[in-house]
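>>> The amino acid sequence is not available; the structure is as follows:
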């Protein structure tokens, strides 16, 4: 775990506290890659020893006891959308928000549907509370509900990507959520626009490098590594 | 329900689809009031006839079948944080985000902890799925977890309000969440900063006017009206 910030640290590369399969960490990895910001990863295992995110030391980094957290510019930031907005405001290269205010609103709508309407209801910590027996059905229910809304928004906003023809924060949120949907065996056939955009981004180098299978903490025995 | 948008509508006052007790609607009501943007309310009852938000006509307004939605400038916006950012970008008077990028990040962190880390887990539609028997304990668990993190963030960010001495989006999110915490009888004594800020804002006219008890669709028999 990183020691307290010194002037020396400020000039170092940003440190991303990340877990290979965490969709919230994945969003930030994509954003960092798209903006070509070099960073180091500190893996936080969400399963080892009951979850390293709950240890006292990490709780000081992120009081929500979850990933990601980003140490950058001498500050520690949490919450993936807050981090992506910070990157956008301090590193405007390769923008992740359109110039047009209405398109910006669409991007944020899609981000919020996913980040507050879907992911929080199907993340690991909630599924533990739901229980082993019901968790698949529970996750499927909320992902399906959210994807129905996302597909509807995309039907008017999408070009090549979620909003128009440029990659935005919405795409950073969509791709990891599609991965989660597949994990829970959600039938994705009713969402052709979501599937098309996901396919489009599959081969993008920034998305590729951020994929769980390409993370340093991805277990080597993973079949799709 | 509003008919399709015409040029005439664009010059009309914004229309907020709102439910008196919805904390997400409440956030936007506060933001509109703070920025002194006149608006009309279209009440959407989340309980009448199984929930008016699920009817076909409203699903066209908000495919997530929830409130709020805001018709403004000839567009329909959904998701409270996307709406607040749109208002901030198009009506910069009485800013809801600080100028400083690190303070902006803190505001968004607090917003996200509440809007993705707490509220989605204790909203009406999720509690229906959790079931009558377990819902109070469930809501208390997630609110407590989130408030512990919010209090920790506030311990370094707060001045008179959540971030410094100016009211921001974070305050628009905090006050409705405190109301929800009280509804579920969460012990708030461990969160003195949250309580102090909530008290500070209680008498603010913009917050007062946005309070559930002052909404046109608040049931007249409500004790605290």
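Here it is on my side, so go on. All values derive from a computational prediction rather than experimental measurement.
>>> so how far is stretch A:176-183 off the chain centroid?
From the chain centre to the centre of stretch A:176-183 is a distance of 11 Å (Cα atoms, centre = their mean, to the nearest Å).
>>> Determine the longest helix present in chain A.
Scanning chain A for the helix with the most residues, using DSSP state H, yields helix A:135-157.
>>> packing partners for it?
Applying 3 or more Cβ pairs under 8 Å, 6 or more residues apart in numbering or on different chains; DSSP states H and E, one finds that helix A:135-157 makes contact with helix A:101-117, helix A:124-130, helix A:169-183, helix A:192-202. (C-beta placed from N, C-alpha, C; glycine too.)
>>> Show me which residues of it are buried.
For helix A:135-157, the neighbour count (16 or more other Cβ atoms under 10 Å in any protein chain shown) marks A:135-136, A:138-154, A:157 as buried.
>>> returning to what we had before: go through the helices and strands packed on helix A:135-157 and name the closest to chain B.
Between chain B and these, the shortest gap by Cβ to the nearest Cβ is with helix A:101-117, which sits at 3.6 Å.
>>> Go through stretch A:62-73 and flag the buried ones.
Judged by neighbour count (16+ other Cβ under 10 Å), stretch A:62-73 contains these buried residues: A:62, A:63, A:64, A:65, A:66, A:67, A:68, A:69, A:70, A:71, A:72, A:73.
>>> typo on my end, it should be stretch A:95-110
For stretch A:95-110, the neighbour count (16+ other Cβ under 10 Å) marks A:96-98, A:101-110 as buried.
>>> Neighbours of residue A:94, how many?
By the other Cβ atoms under 10 Å in any protein chain shown criterion, the neighbourhood of residue A:94 contains 16 residues.
>>> Residue A:202 versus that one, what's the distance?
19 Å (Cβ to Cβ, to the nearest Å).
>>> re the thing from before, single out the most deeply packed of the helices and strands packed on helix A:135-157.
Per-stretch averages of neighbours, counted by mean count of other Cβ atoms under 10 Å in any protein chain shown, single out helix A:101-117 among the helices and strands packed on helix A:135-157, with a mean of 25.
>>> Do any residues in that helix lie close to chain B?
Yes - among the residues of helix A:101-117, A:101, A:102, A:104, A:105, A:108, A:109, A:111, A:112, A:113, A:115, A:116, A:117 lie within reach of chain B under Cβ under 8 Å from any Cβ of the partner chain.
>>> Give the other helices and strands that that helix contacts.
Helix A:101-117 is packed against helix A:80-90, helix A:135-157, helix A:169-183, strand B:75-78, helix B:80-90, with contacts defined by 3+ Cβ pairs under 8 Å, 6+ apart.
>>> Give me the helix or strand of chain A that scores worst on average pLDDT.
Across the helices and strands of chain A, mean confidence by mean pLDDT, DSSP states H and E is lowest for helix A:7-10: a mean of 52.
>>> thinking again about what came up before, identify, from the residues of helix A:101-117 next to chain B, the entry nearest to residue A:162.
Residue A:162 has its nearest neighbour among the residues of helix A:101-117 next to chain B in residue A:111, at 9.1 Å by Cβ to Cβ.
>>> Tell me the predicted confidence for that closest one.
Reported pLDDT at residue A:111 in the predicted model: 98.
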